[in-house]
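[1] sequence first, predicted model second:
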Amino acid sequence: MIELYGARTGNCIRVAIALEVCSIPYRVVHVNLRHAEQRSVAHLALNPAGKVPTIVDRSRGEPPFVLSQSNAILFYLSDIAPGHLMPPGGERQRAIVLERFFYFLTDVIAPSHAAFQLRLTEATQSRDVLEQKAITSLVAAERFLSDGAFMGGGSFTLVDIAAFTIAKALSRHVDWDQVPRLREWFDSLEKQPAIDRGLRAFDKPPEQ
Ligand SMILES: N[C@@H](CCC(=O)N[C@@H](CS)C(=O)NCC(=O)O)C(=O)O
């Protein structure tokens, strides 16, 4: 059983989806960010950066293994449950998956998060530029679907997790009629039960 400390944010939901896709048993521990629980003494003992997500894996003996950084967690889960998040092919297929995974992290998710950080400031122009960059990069990623039904090729991988969560967050800004393959990919993933469970993993925390 893995404990997943987190809240209803993109970084945490990506980890929850990965756990669901890998069928790894886990328990959500809600960290109320509005109440600054991420900076509680107990949470800082797990993650001195005072952030979520953080996982505690007690399934492999003592001491428990503690890991933060959502993307490091995705690779850890891929290693402990092989065959779910990385492609079955050799090193070139793996390299393509990594190329596209980092594309989504750096060209779509990073500017979108930066725009989000500016939401309460007066830097509206900078925020709009960053948000538009994220949307443009997301839409341009439709080309990845030309060599398979998934973002990394013929099989579901961690690229799809990164791509899907940010596509969902930006979906109201996307002109879906202009990107039919992207829409088909998005619609089919949205219907996947494991993805749906991951999306809802942080719903209804006890005290929010
Ligand atoms: N690079 C880290 C980012 C972690 C992060 O910024 N988490 C946010 C929520 S998505 C957080 O904990 N925010 C609360 C805070 O900064 O106080 C990751 O990918 O896990």
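    Received it, and whenever you're ready, just let me know what you need.
[2] can we go C-alpha only for contacts and neighbour counts from here?
    Noted.
[3] now do the longest helix along the chain, average pLDDT.
    Taking DSSP state H as the criterion, the chain has its longest helix at helix 124-140. Taken as a whole, helix 124-140 has a mean pLDDT of 97.
[4] next structured bit after that helix?
    helix 158-170 (DSSP states H and E).
[5] buried ones in that following helix, by neighbour count?
    When burial is assessed from 16 or more other Cα atoms under 10 Å, helix 158-170 yields the following buried residues: 158-167, 170.
[6] over to stretch 18-30?
    For stretch 18-30, by 16+ other Cα under 10 Å, it's 18-22, 26, 28-30.
[7] which of these sits closest to the ligand?
    Distance to the ligand across those (Cα to the nearest ligand atom) is lowest for His30, with 11.8 Å.
[8] so that closest one touches Ala7, yeah?
    Yes - counting by Cα atoms under 8 Å, His30 does reach Ala7; the two are 5.8 Å apart.
[9] shared neighbours of those two, anything?
    Between them, His30 and Ala7 share these contacting residues under Cα atoms under 8 Å, 6 or more residues apart in numbering: Phe202.
[10] Leu130 and Ala115 touch, don't they?
    Yes - contact criterion Cα under 8 Å: Leu130 and Ala115 qualify, at 5.4 Å.
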